[in-house]
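Participant: predicted model and sequence below, questions to follow.
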Protein chains: 2
Amino acid sequence: MAQRLGKYTLLLPTKPVISGYAAVGGKKEGEGPLADKFDFVYEDSAAGEKTWEKAESTIHGDAVRRAISKAGVTEEQVSVIFAGDLLNQCIGTTFGIRESGIPFAGVYGACSTMALSMALAAASVDGAIAEIAVASTSSHFCSAEKQFRMPLEYGGQRTPTAQWTATAAGATVIEQNLFKNPSKKRLAVVDKIIIGRICDYGIKDANNMGAAMAPAACTTIADFLRDTNTKPEDYDMILTGDLGAVGSKLLCELMIKQENTDISSVHRDCGLILFDIAKQKDVGAGGSGCGCSGAVLCSEILPKIENGDLRRVLFVGTGALMSSVSSLQNESIPAIAHGVLLEGGDVNE
Amino acid sequence: MAQRLGKYTLLLPTKPVISGYAAVGGKKEGEGPLADKFDFVYEDSAAGEKTWEKAESTIHGDAVRRAISKAGVTEEQVSVIFAGDLLNQCIGTTFGIRESGIPFAGVYGACSTMALSMALAAASVDGAIAEIAVASTSSHFCSAEKQFRMPLEYGGQRTPTAQWTATAAGATVIEQNLFKNPSKKRLAVVDKIIIGRICDYGIKDANNMGAAMAPAACTTIADFLRDTNTKPEDYDMILTGDLGAVGSKLLCELMIKQENTDISSVHRDCGLILFDIAKQKDVGAGGSGCGCSGAVLCSEILPKIENGDLRRVLFVGTGALMSSVSSLQNESIPAIAHGVLLEGGDVNE
């Protein structure tokens, strides 16, 4: 049963295990540094569908099915799926998993959804609410641009701080430890979770999400380090979701200024792992969107935890909780960051 | 720790207690049958704000603060809030609770949000993931009409099957049993929960949500009765969220046809409790929206459980998981229903 550490962090003593995961990406994502690491790259951004929204649903469902298959379980065996996305009313998710028959707990955390869904899935497994839980998310560049900014056909210019919404989906299967994997293979486990608090520093520039989200990441990382009485050096990586180049710089500065803590040596950001911003110029300050951190985690990070290259990764998903309506109404951008501590573990040891 | 009953239902052995709750409503809701039962009625539908979206955030935050206060706790003491709403990117929630500082797990279940958030909050308390959890939701007639149908100024006609989105919010505080309430007052407890599965019967009429959602309610109720080996007569009430007159009739018919089970004697629907559809003609087939079931539960049902008028209420929130974009793309309306079994209990007994 979960144990609270400090004020915000929860230790999951049963160490729920990530028994399967999958990442799929679009064409541009397949041209980036992770090209060879995705389970599937959709050369056709429409994924064979007639609309961008249906394409997002298709890649979301694909990632979920692949993760379940790789975990060696069936949809029928999954107790619950925690999933969400950025589209209005989360249709990327609902239409993507509609046929699965899996009990569905919809979550909304904007681009922090992968961390939120994994935190809730792991906590549910730890608390015997679920035997096998799935956590998943998706985003699509074209559906996001159309919804949040301009239809692509408009040909609007992008600001230098703008990020590129990933066309990608990621899914993990999280289940109770000790009852499978007799081979004692090393797998990633979820050791701790932290549910974030909303931070709003008054940023109103919807083309500078990194700046809006950096304070939330700072708050959650600082809370976690305080609660666990640990330092950045205790982690192989502190991995944020999609702060991009601008937000990542701000986060490191904020951590020094507000917390007197230098995380720069271990900090990485999924938005800067998914794309090579020096080579892929049009992605601006880096990748973003729910699918960015979802796909990076499930293609680049989890394999490295399994093979021992990484031992302890604090994954902190970051989300901007605005809508285009709230921005038009001159509201600032509240942000949030949720965290999961991932560790390598010999299951059944 | 939660115990699974059958395939979908979870028993929460610690019986998390609903230590506080609050409901606020708008003018029309304050003219209905529950007029005297709300904690506050906003005579001004704009709640003093300049936009309908900000009004919804305001009433959402108000319900949360009132529930926390009535539970005799502080925002600082709340471990987590599970909350969501129907607005794009859930801004009714995020801007409503932005200042609270409470760790925030956003959920999305469309109009089933009250049941989903309560199920997750109760399960979290049972699994020691939270000591004190809040579950809340909201909706606003004007923000919903503007987003899903037409701006009010358009003056569009409504079909007879259309329902009236409630301007209302509901919030509950759920906490661990046995550690407070030394007076042994009778309070409502959450005994069991069930997370629903998506059902899609191919309904495409966005003005007939009741018909789209009835199959989901039928599935969840049937799953629950099967898992717990109980009959409708074992409950004082099986309370659906917002099926309205059309969907309620369909639900009872489906239960007989598919499950050979007659629930009509104990079935009630929040959409038909919130409004008197015979007197309040313009509400059409009844109330709807996240706030409908949230406010009815927190004004009419929970007090009756506390005073012993109701002993066992299976509350089944119903949600339609479409967006206006998916409907324009000729998609059908997937629906879901989540359930919580509420019982009266002498706490500390």
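Facilitator: Great, that's in hand.

Participant: CA atoms for contacts and neighbours, from now on please.
Facilitator: Fine.

Participant: give the burial count for the residue of the stretch 1-150 of chain A found nearest chain B, as a bare number.
Facilitator: Scanning the stretch 1-150 of chain A for the residue nearest chain B gives residue A:107, at 3.9 Å (criterion: Cα to the nearest Cα). Neighbours of residue A:107 under the rule other Cα atoms under 10 Å in any protein chain shown: 31.

Participant: so residue A:82 makes contact with residue A:130?
Facilitator: No. Assessed by Cα atoms under 8 Å, residue A:82 is found out of contact with residue A:130, at 11.0 Å.

Participant: can you pull the residues that touch both of those two?
Facilitator: Residues touching both residue A:82 and residue A:130 by Cα atoms under 8 Å, 6 or more residues apart in numbering or on different chains: residue A:121.

Participant: picking up where we left off before, kindly list the main-chain dihedrals of the closest residue to the residue of the stretch 1-150 of chain A closest to chain B other than its chain neighbours?
Facilitator: Among residues not flanking residue A:107 along the chain, residue B:107 sits closest, at 3.9 Å (Cα to Cα, 6 or more residues apart in numbering or on different chains). With angles defined as degrees, to the nearest 10, residue B:107 sits at phi -120, psi 150.

Participant: test my guess that the residue of the stretch 1-150 of chain A closest to chain B contacts residue A:117.
Facilitator: Yes. Applying Cα under 8 Å as the test, residue A:107 and residue A:117 come out as touching, 6.8 Å apart.

Participant: quick check: neighbours shared by these two?
Facilitator: In terms of Cα under 8 Å, 6+ apart, residue A:107 and residue A:117 are both contacted by the residues A:82-84.

Participant: most neighbours among those residues, which one?
Facilitator: Neighbour max across the shared contacts of residue A:107 and residue A:117 (other Cα under 10 Å) = residue A:84, 35 neighbours.

Participant: identify the residues contacting whichever strand or helix holds it?
Facilitator: Residue A:84 belongs to strand A:80-85 when assigned by DSSP states H and E. For strand A:80-85, the surrounding residues in contact (Cα under 8 Å, 6+ apart) are A:90-93, A:102-111, A:113-114, A:117-118, A:120-121, A:130, A:132-139, A:290, B:108, B:195.

Participant: among those residues, which lie within strands?
Facilitator: Of the contacts of strand A:80-85, the ones assigned to strands by DSSP state E are A:104-106, A:132-139.

Participant: does chain B sit close to stretch A:7-17?
Facilitator: Yes. Contact of stretch A:7-17 with chain B (Cα under 8 Å from any Cα of the partner chain) involves A:8, A:10.

Participant: one step back: which two in the ones in strands among the contacts of strand A:80-85 are spaced the farthest apart?
Facilitator: Greatest spacing in the ones in strands among the contacts of strand A:80-85, by Cα to Cα: A:132 and A:139 (24.2 Å).

Participant: pick out whichever of those two has more residues nearby.
Facilitator: For residue A:132 versus residue A:139, neighbours defined as other Cα under 10 Å are more numerous around residue A:139 (35 against 26).

Participant: who's that one bridged to?
Facilitator: Here residue A:139 sits in beta bridges with residue A:168, going by DSSP bridges.

Participant: kindly report the same for residue A:82.
Facilitator: Counting by DSSP bridges, residue A:82 is bridged to residue A:105, residue A:135.

Participant: need the per-residue pLDDT for it.
Facilitator: Among the per-residue scores, residue A:82 holds a pLDDT of 98.

Participant: what ranges do the helices span in chain A?
Facilitator: For chain A, the helices defined by DSSP state H occupy A:27-30, A:52-70, A:91-97, A:113-126, A:141-148, A:209-228, A:244-259, A:270-274, A:290-296, A:302-306, A:324-328.

Participant: name the helices or strands packed onto the first one?
Facilitator: Meaning helix A:27-30. Judged by 3 or more Cα pairs under 8 Å, 6 or more residues apart in numbering or on different chains; DSSP states H and E, the packing partners of helix A:27-30 are strand A:40-41.

Participant: and the strand it packs on, what other elements does it pack with?
Facilitator: Going by 3+ Cα pairs under 8 Å, 6+ apart, strand A:40-41 lies up against strand A:17-25, helix A:27-30.

Participant: note down every partner strand of it and its orientation.
Facilitator: According to DSSP bridges, strand A:40-41 has the following sheet partners: strand A:17-25 (parallel).

Participant: tell me how far the partner strand is from the chain's mean position?
Facilitator: Relative to its chain's centre, strand A:17-25 lies at 12 Å (Cα atoms, centre = their mean, to the nearest Å).

Participant: residue contacts, residue A:263?
Facilitator: A:232, A:238, A:252, A:255.

Participant: residue A:236: neighbour count?
Facilitator: Per other Cα under 10 Å, the neighbour tally for residue A:236 reads 17.

Participant: correct me, but it touches residue A:311?
Facilitator: Yes. Counting by Cα under 8 Å, residue A:236 does reach residue A:311; the two are 6.4 Å apart.

Participant: how confident was the prediction at the residue of the stretch 1-150 of chain A closest to chain B?
Facilitator: Looking at residue A:107, its pLDDT reads 98.

Participant: how about it, what does it touch?
Facilitator: Residues near residue A:107 by Cα under 8 Å, 6+ apart: A:82-84, A:113, A:116-117, B:105-108.

Participant: dump the residues you listed to a markdown table, plus distance to residue B:145.
Facilitator: Below are the contacts of residue A:107 laid out as a markdown table (distance: Cα to Cα, whole Å):
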| residue | distance to residue B:145 |
| --- | --- |
| A:82 | 28 |
| A:83 | 26 |
| A:84 | 24 |
| A:113 | 27 |
| A:116 | 30 |
| A:117 | 30 |
| B:105 | 26 |
| B:106 | 23 |
| B:107 | 21 |
| B:108 | 19 |
